[in-house]
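# coords please:
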Amino acid sequence: MTYARRGADPAAHPGGPAGARWNRLLVLVGAGWVVIGGLVAAVTGPLNLEHGSWIAAYLVLVCGMAQCAFGEVRAHLALPGVGWVRWGRLFGWNLCNIAVITGTLIGTPIVSDLGGVLLLIALVAELRATGGSGRRLLAGLYRAVLLLLIVSIPIGLVLGHLGAG
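Modelled structure (predicted):
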């Protein structure tokens, strides 16, 4: 796994070495969510957790893998980022996902809705940021994943209101 373009000096990364460190941090936090999701999956059966399998999948796929993709792909595409945007990306993504999970667990869909709407805004902003990348295949695949997430969020929120989440 590399965090800067092959053969590129990390200092040449848009945002400099700090940009490369932020991308690594996104990957590490995402990997932490994957581990937590695996632990939730391991205890779902024995503890008979009502939403356990959904939470485990959500933690792994949305909280973890998507965030890993943000960090890894941003590094390969050398996408720039301003300091406050980096903080927003890190904390915003994680806090909004926690809101979605919390709303589901406590049976308050409005909390999940708020988190989901904010996640949509973050994903649309990320989609716009990839528009001018020179690495067309990777950027195209990344945009496809972002679009999949953008489409899946409203579907998940509707299912949550219908009691299927």
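# Look at the residue sitting furthest away from the middle of the chain and give its secondary structure.
Largest separation from the mean C-alpha position in the chain: residue 46, at 28.3 Å (C-alpha atoms, centre = their mean). Secondary structure for residue 46, judged by DSSP: H, G, I helix; E, B strand; the rest coil, is helix.
# quick one: it from residue 113, how far?
Note on residue 46: its distance to residue 113, by C-beta to C-beta, to the nearest Å, is 31 Å. Any C-beta I mention is one placed from the backbone N, CA and C, and that applies to glycine too.
# do the same with residue 50
Computed as C-beta to C-beta, the residue 50 to residue 113 distance reads 20 Å.
# Who has more neighbours out of these two?
Using other C-beta atoms under 10 Å as the criterion, residue 50 and residue 113 rank with residue 113 on top: 18 against 11.
# name the element that one belongs to?
helix 109-129 (DSSP states H and E).
# what do you get for residue 30?
Residue-wise, residue 30 maps onto helix 16-47 under DSSP H and E.
# tell me which strands and helices that helix is in contact with?
Under the contact definition 3 or more C-beta pairs under 8 Å, 6 or more residues apart in numbering; DSSP states H and E, helix 16-47 sits against helix 52-58, helix 66-77, helix 83-87.
# For the residue lying closest to residue 129 once chain neighbours are set aside, give me the pLDDT.
Using C-beta to C-beta, 6 or more residues apart in numbering and skipping the chain neighbours, the partner closest in space to residue 129 is residue 79 (5.5 Å). As predicted, residue 79 sits at a pLDDT of 75.
# Please verify my assumption that residue 98 contacts residue 114.
No - with contacts counted by C-beta atoms under 8 Å, residue 98 stays clear of residue 114, the gap being 11.4 Å.
# tell me the pLDDT at residue 26?
91.
# wait, what's in contact with it?
67-68, 70-71, 74, 89-90 (C-beta atoms under 8 Å, 6 or more residues apart in numbering).
# what about 10 Å?
Contacts for residue 26 (C-beta atoms under 10 Å, 6 or more residues apart in numbering) come out as 3, 66-75, 86, 89-90, 93-94.
# Quick one: buried ones out of the residues you listed?
Buried members of the contacts of residue 26, counted by 16 or more other C-beta atoms under 10 Å: 3, 66-75, 86, 89-90, 93-94.
# before we move on, back to that, next, find the distance separating the residue nearest to residue 129 from residue 141.
Relative to residue 141, residue 79 is positioned 14 Å away (criterion: C-beta to C-beta).
# ok, those two, which is more surrounded?
More crowded of residue 79 and residue 141, by other C-beta under 10 Å: residue 79, with 21 against 13.
# three-state assignment of residue 49?
Three-state assignment for residue 49 (three-state DSSP): coil.
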